[in-house]
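Engineer: the following comprises the amino acid sequence and a computationally predicted model.
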Amino acid sequence: MSTPDPFTLQIIRNYLTSTTEEMIQTTVRTAYSPTFSEGYDFSCALFDVSGRMVIQSRGIGVHLGSLVDTMKAVVAKFPTPAPGDVFITNHPYLATHQSDVVVCRPMFCDGRPIGYAVNIGHWTDIGGMSAGGCAGTSTHVVQDGLIIPLCKLYDRGALVEPVCDFILHNVRLPDDDWGDLMSQIAATTVAERRLRELAARYGMDDLLTGMQAAIDYSRERFLARMRGIPDGTYRGCDCIEDDGVSDRRYPIVVTVTKTPERFTVDFAGTARQAPTPVNAALSAARAGVFTGIIALVDPTIPVNAGIFDLIELWAPVGSMVNATWPTPVYGCTFELAKRIPETMLRAFAEALPGRVAAGSHASGNNLAGRFIDPRTGLEAAWYNYYEGGQGATATGSGNDAVYFWGETSHNQPIEVWEHKYPVLVERYGLRDGSGGVGRFQGGMGSVHEYRLLVDHHLSGLGDRHRVAPWGLSGGGEGAPNRWSLRRDGVTRPLGEAFGLVSPSKFHALPLLAGDVLIIETGGGGGYGDAAGSSRDA
Amino acid sequence: MNPASALRVGIDIGGTFTDIVLFDEGSGQLSHAKSLSTPAEPESGFMQALAAIGAPLGAISSLVHGTTIVTNLILERKGARIALITTKGFRDVLEIMRATRPLPYDLAWRKPRPLVPRDLCFEVDERVGADGEVVRAIDPDDVRRTIEAVLERDVEGVAICLLHSYLNDAHERIVEAAVKARQPGLPLSVSATVCREVREYERANTTAVNAYAMPRVQRYAAALDDRLQRPELVRYLSSEGGMQPGCEAAARPISLCVSGPAGGVLGCQLVGRMTGRDNLITVDMGGTSFDVAVIQHGQFEVRNTFEVGWGLPVKVPAIDIKTIGAGGGSIVWVDEGGALRVGPQSAGADPGPACYGRGGSDCTVTDANVVLGLINPDGVLPMDASLASRAVAGIAERFGVSVEAAAEGIIRVVNAGMAAAIRQMTVEKGIDPRDFSLLAFGGAGGQHAAALAREIGIPEVVVPRMASVFSAFGMVNAPLKISRAASVMRPLDALQPGELHRVLSGLERDARAAMRDEAASCAVVYALDLKYLRQAHEIIVTVGPDWTPAHIATAFEDRHRALYGTALGHALMVVTARLTATSPAPSLQPAPVQAPGGGLPAPVRQARVAGVTAPVPVFDRALLPAGLRCNGPCLVEERDTSFWMPPGASGQIDAFGNLVVRLDPGGIA
């Protein structure tokens, strides 16, 4: 096999990038749920024939990083896939949490395998004890939703109907989920078509070499940037502040050892797994680690196996970052997936304050409401997660109200939301005073006030409601996240109103029509001494 | 010039030049001129351009003007100091944007600043629900207090955007009337007028951008009227490729955002009509960017949302043009991973490419073209081939290849990027580009067009006459066009009989009023944004004003099937109703160009082109008579650009002076 010239390699790399962008567009245009189409809560990537990531789309870091383990499982279980096969899984110990469903299509050109196209996205409902997910107090992984073991959804182009029926009979919103599933499949179909066209233009050998070159390219760039970080050992800690059923704190301890060509990330000292879904399986913890290292080294390099190979992870089995059956892990995508990278950066805060940001709201603040839709009389649910404040950096104030830590999600328009759900949003704005003070201020969190128009059962899974986002280099703390209930003119924290152990982890609280649910997200920590403070830079 | 004949004029003011094209309807003659732009006072450049072409004002029957004034206000953040009035609880709608970020792992990125600072965003206590019913009535005293607070801040304009006003604008109208009563003449932008569509951030931003541009555009339009002393003569080219009366432009400057590129696409449409080509892929490659649009069956596509900056969506119609940052001035570099990158940084006009000899040392796309011999260094703009060669050598060394091989590699990478943009506008939308001609204009288009066409499988390239003033040329072709839209947000089967018709008639009355004298002759096209009730993304479907729900559903399903291969038969939601009223296109009949006659003129010189063994002939396009054929390899030069005709291609000058090139599909570019 001859090596293509460097210009051809660059052309192939650019083509792969535009293919993942087309996968995104295809999904958005055909999906059913606002979670997909308005919120962009899905991600796409291409893998080589051995299951190594070649290129990823914009999207969500925890989705993409966890696919490393998912794809190992795919290649191991289906060593000889056939054209037209499509695999599906949402296994929480292979990927993230059950709501994120992975669709994987082995791609073929003239009968020869050329790689895999993958779409992972968050279905609005996946069954389980809480409509829309987010049961903060589940104690067994099966309570978090239906588990789809890694299996074939299409066999040589034919839908495996029992699998499909089985899934759709075990979710509350089969129409939404079916529409979203079809959009995921459509994205992988488009990818296969485009890669066949690329193979036709440059030849299969050049395509396959080009994919390997894309991996090598990212590795080389990443290694070059790693030189900017002094070799050494860095240690950071943080915690999950409670588990929903007790006040117990769960320390997260991370030790990062950097050598010229490797980061070794060790979680020794991190708490044992909790009984409730604040844990992460190794696959999701790995994604959090990738997010932290990439943010530290260079966020602009195309992310793929070339970078992943430089990062080694040690997580004690049975710890909260390497959870084992039947420990629930539902919160992994929006709690540990954010807290792990933030703790890693905190490890570098003292040595390299110019490279990190202060603490952020660092929680998805995930909430799900179950209700009877007055228009149909049927059970329905919404699920949402909220933008918050980002920590300040050495060069400027933190952003107000963004999705942060490995995300490019969008929030959902209030007007669209109100059309779909029996909720009147009375306030949607920035949370004044929530950003930490400092030479550069932390970003402000947001406030959403929902007047419920019908009775709801509310489930929630969040964190950082008790422990405030940390300031950096003398900057002040940001305000923690806070959820409250206004009933009959009296506003109280939800935890207090319902006598809960935890302010942020609960299941099926009975809220009444007329109640106002107030969701305030945390602000970012400030940077530097407040004397000479600035909001702009 | 026949004194009795009417003259149509197009004037395009760009950053550097003001272009003017004049079409004499009597003789069919086209003429053009260029003068320097005067950014501080664009009306002066406008008058200079008119003087340069020597058209008597009294003989001008139509004058269409394209301007970048609105785009520049936004890019340079030099618009007016304006306030936003919104629903209580929502004053931060512009600050939050959609809470997204461009890169998932980036810590240093900062949100762009909104066009209205937070302390100029005000609230009124009121609320309309998602069904259009009033949830909380508006309080006139509260409105008055808010307006006083706004006016105390010494603003030059006000944007008003209340929640769900696209369904019920009563509250917005109350606020509007109160501001008008309190301070008559203050520029006002009301969301139900400017952008009557669902999604609060997008609507508020559109309304605010509009207010932001209003004072400047209104002053400019008044200054032009004042200089010309012919009220209503100047009409403005909108982003959707239609001309608008001055009063419409002054009330909706947001519709002028991309009027320059729209002129280019109109020019392509006109060339297509003159030469009988219905299907065109149009590419405009200049110094910093590459624009692609598609004309199918004689019509270009219009989209209803685009961004005027990162995170700044505006919901107004615009010709669907895909832009990437690749132009002649794009800087070529090698990144840390050893990959060749082109752009998005550009050397611009100053210092420009290395070969300009103005001190630029970065290698650019133009330098690579000079090395390959595709640009004449001794043309209108003198270039130093040795400087180009030195700049490319820097890249060649990194890869251990010859300067020529590096230059070829650079051009291949650039072309592949442009080909991807074309694929996105065609193949990815189910359009087969092989049924199209490639129409290339802009200073750098001619060097890439043939290779690009071959890459995509397009059999024919057209390089139009007047390529250097092409947007102004297109403006001569603009019909009067007014679009209106209103979100409905109702299930199709829940609509009362006649309800849709009433919505469309309301929009039509409004559009016809704006058309004024030409209302009688206009054609109206109606469309609905539809989706499956449970689906999130809408599809636009053209409909008749009196169609039944069943008829509408069938049309939607057909469209869905064409786009996505399936139709689900589920219930539908009507998201938005739209219409566009268009006057008949001006019937331009340009006279055939004067053919000097004779055979193929002698080449003006021979050029060395990399990859071709013998020197190739270079022809002066101005000397090529109509009907004449020439075969590649050769170069056809014009004043400020050149076209590379590769081996295997054959060209002909058509009756209108366009260069038409057939590519042998198997040839090598």
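Structural biologist: Looks like it arrived, so ask away. Numbering: from 1, shown residues only, chains lettered A, B, ... in the order given.

Engineer: outline the domain layout of chain B.
Structural biologist: Following automatic domain parsing, chain B resolves into domains at B:1-67, B:75-214, B:330-414, B:481-582.

Engineer: distance to B:Glu428 and mean pLDDT added to those domains, as a markdown table?
Structural biologist: Backbone N, C-alpha and C define where each C-beta goes, glycine included. Written out in a markdown table, the entries for the domains of chain B read as follows (distance: least, C-beta to C-beta, whole Å; pLDDT from 0 to 100):
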| stretch | distance to B:Glu428 | mean pLDDT |
| --- | --- | --- |
| domain B:1-67 | 29 | 87 |
| domain B:75-214 | 22 | 96 |
| domain B:330-414 | 20 | 90 |
| domain B:481-582 | 11 | 91 |
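
Engineer: run through chain A and note the low-pLDDT ranges.
Structural biologist: Filtered on pLDDT under 70, chain A yields the residue ranges A:1-2, A:532-537.

Engineer: ok so, going back, Throw the domains of chain B into TSV and include distance to chain A and mean neighbour count, thanks.
Structural biologist: Rendered in TSV, the data for the domains of chain B read as follows (distance: least, C-beta to the nearest C-beta, whole Å; neighbours: other C-beta atoms under 10 Å in any protein chain shown):
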stretch	distance to chain A	mean neighbour count
domain B:1-67	28	19
domain B:75-214	4	20
domain B:330-414	3	20
domain B:481-582	3	17
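
Engineer: indicate which one of the ones you listed is closest to B:Val258.
Structural biologist: Nearest to B:Val258 among the domains of chain B is domain B:1-67 (9.4 Å), distances taken as C-beta to C-beta.

Engineer: the strands in the stretch 51-200 of chain A, which residues?
Structural biologist: Per DSSP state E, counting those that start in this stretch, the stretch 51-200 of chain A has strands spanning A:53-56, A:86-89, A:100-109, A:112-122, A:151-155, A:158-159. These are given in chain order.

Engineer: make TSV out of those strands and add distance to B:Met573.
Structural biologist: Written out in TSV, the entries for the strands of the stretch 51-200 of chain A read as follows (distance: least, C-beta to C-beta, whole Å):
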stretch	distance to B:Met573
strand A:53-56	33
strand A:86-89	29
strand A:100-109	25
strand A:112-122	22
strand A:151-155	28
strand A:158-159	27
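
Engineer: roughly how far does A:Glu197 sit from A:Gly369?
Structural biologist: Using C-beta to C-beta, to the nearest Å, we find A:Glu197 at a distance of 45 Å from A:Gly369.

Engineer: in terms of neighbours, single out the busier of the two.
Structural biologist: Here A:Glu197 and A:Gly369 are compared on neighbour count by other C-beta atoms under 10 Å in any protein chain shown; more neighbours surround A:Gly369, at 28 against 15.

Engineer: so residue 20, which of the three states?
Structural biologist: The chain I'm using is chain A. helix (DSSP: H, G, I helix; E, B strand; the rest coil).

Engineer: for it, list the residues it contacts.
Structural biologist: For A:Thr20, the contacting residues are A:44-46, A:55-57, A:191, by C-beta atoms under 8 Å, 6 or more residues apart in numbering or on different chains.

Engineer: swap in B:Arg8?
Structural biologist: With the criterion set at C-beta under 8 Å, 6+ apart, B:Arg8 makes contact with B:22-23, B:25, B:60-64, B:476, B:586, B:588.

Engineer: can you tell me the closest non-neighbouring residue to A:Cys237?
Structural biologist: Spatially, and ignoring its direct neighbours in sequence, A:Cys237 is nearest to A:Val253 (4.8 Å; C-beta to C-beta, 6 or more residues apart in numbering or on different chains).

Engineer: am I right that that neighbour falls within a helix?
Structural biologist: No: using three-state DSSP, the assignment for A:Val253 is strand, not a helix.

Engineer: you'd agree it is up against A:Ala268?
Structural biologist: Yes: the pair formed by A:Val253 and A:Ala268 meets the contact definition of C-beta atoms under 8 Å, at 7.0 Å.

Engineer: out of these two, which sits in the busier spot?
Structural biologist: Taking A:Val253 and A:Ala268 together and counting by other C-beta under 10 Å, A:Val253 has the greater number of neighbours (19 against 11).

Engineer: distance of the more buried one relative to B:Leu530?
Structural biologist: 54 Å.

Engineer: and B:Met383, by the same measure?
Structural biologist: B:Met383 sits 54 Å away from B:Leu530, going by C-beta to C-beta.

Engineer: quick check: residues of the stretch 351-500 of chain A near chain B?
Structural biologist: Taking C-beta under 8 Å from any C-beta of the partner chain, the part of the stretch 351-500 of chain A that reaches chain B is made up of A:356-357, A:387, A:390, A:393, A:395-397, A:399-404, A:406-411, A:413-416, A:418-419, A:424-430, A:446, A:449.

Engineer: buried ones among the residues you listed?
Structural biologist: Taking 16 or more other C-beta atoms under 10 Å in any protein chain shown as the criterion, what is buried in these is A:356-357, A:387, A:390, A:393, A:396-397, A:399-404, A:406-411, A:413-416, A:418-419, A:424-430, A:446, A:449.

Engineer: the residues you listed in strands, which ones?
Structural biologist: Among those, the members found in strands (DSSP state E) are A:424-430, A:446, A:449.

Engineer: quick one: residues contacting the residue nearest to A:Cys237.
Structural biologist: A:235-237, A:267-270.

Engineer: which of these has the most neighbours?
Structural biologist: Within these, neighbour counts (other C-beta under 10 Å) peak at A:Thr270, which reaches 24 neighbours.

Engineer: sorry, back to before: okay, the contacts of A:Thr20 in a markdown table with distance to chain B next?
Structural biologist: Conversion of the contacts of A:Thr20 to a markdown table gives the following (distance: C-beta to the nearest C-beta, whole Å):
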| residue | distance to chain B |
| --- | --- |
| A:Cys44 | 13 |
| A:Ala45 | 12 |
| A:Leu46 | 16 |
| A:Ile55 | 13 |
| A:Gln56 | 9 |
| A:Ser57 | 10 |
| A:Ala191 | 12 |
